[in-house]
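Engineer: Here's my sequence, what's the structure:
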Amino acid sequence: VQLQASGGGLVQAGGSLTLSCVASGRTFSGYMGWFRQAPGKGREFVAIINRSSGSASYADSVEGRFTISRDNAKHTVYLQMNSLKAEDTAVYYCAAGLGGSYQEVDYDFWGQGTQVTVSS
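Structural biologist: Here you go, the predicted model:
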């Protein structure tokens, strides 16, 4: 499975961005997640979605501001980010795994990352 993330950019605080992650290669079922890594910090969980049921979970820091969704026909997962804050600045990665974990070690496939910069 290959993952291609896109949609990052520079946005002012309070603004919005939508990230996309397109999956290609062999058919994959399970979970898709978004993680992020800010400068000087480790990678942290952001959101996860079950590709079949559409059920989703979020980190406390983004709950109510970010929405993860999927379009299985397009093999794409989205992360709609609203009310962005300076602390959301990071490289965002999409990942695919089977277990629905919040831990990056449990994900088998990763996209290349897309930079999101929020100016205050």
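Engineer: okay, which residue is most central for this structure?
Structural biologist: Trp34 (2.5 Å; Cα atoms, centre = their mean).
Engineer: Next one, pLDDT for that residue please.
Structural biologist: You'll see Trp34 listed with a pLDDT of 98.
Engineer: isn't it right next to Ile68, touching?
Structural biologist: Yes: if you go by Cβ atoms under 8 Å, Trp34 and Ile68 touch, sitting 6.5 Å apart. Quick note: C-beta positions are derived from backbone N, CA and C, even for glycine.
Engineer: Which neighbours do those two have in common?
Structural biologist: Counting by Cβ atoms under 8 Å, 6 or more residues apart in numbering, the common neighbours of Trp34 and Ile68 are Ala47, Ile48, Val77, Leu79.
Engineer: On the three-state scheme, Ala73 is what?
Structural biologist: helix (DSSP: H, G, I helix; E, B strand; the rest coil).
Engineer: So in terms of bridging, what pairs with the closest residue to Asn50 other than its chain neighbours?
Structural biologist: Nearest residue to Asn50 in three dimensions, chain neighbours excluded: Tyr31, at 5.7 Å (Cβ to Cβ, 6 or more residues apart in numbering). Judged by DSSP bridges, the bridge partners of Tyr31 are Asn50, Gly97.
Engineer: Looking at Tyr31 now. What's its pLDDT?
Structural biologist: pLDDT, Tyr31: 95.
Engineer: Tell me how many other residues crowd it.
Structural biologist: Neighbourhood size, Tyr31 [other Cβ atoms under 10 Å]: 23.
Engineer: Wait, it touches Arg51, no?
Structural biologist: Yes: with contact defined as Cβ under 8 Å, Tyr31 and Arg51 form a contacting pair (6.8 Å).
Engineer: next one: phi and psi at the closest residue in space to Gly7 that isn't next to it in sequence?
Structural biologist: Nearest non-adjacent residue to Gly7, counting by Cβ to Cβ, 6+ apart: Leu19, 4.1 Å away. Main-chain dihedrals, Leu19, degrees, to the nearest 10: phi -100, psi 150.
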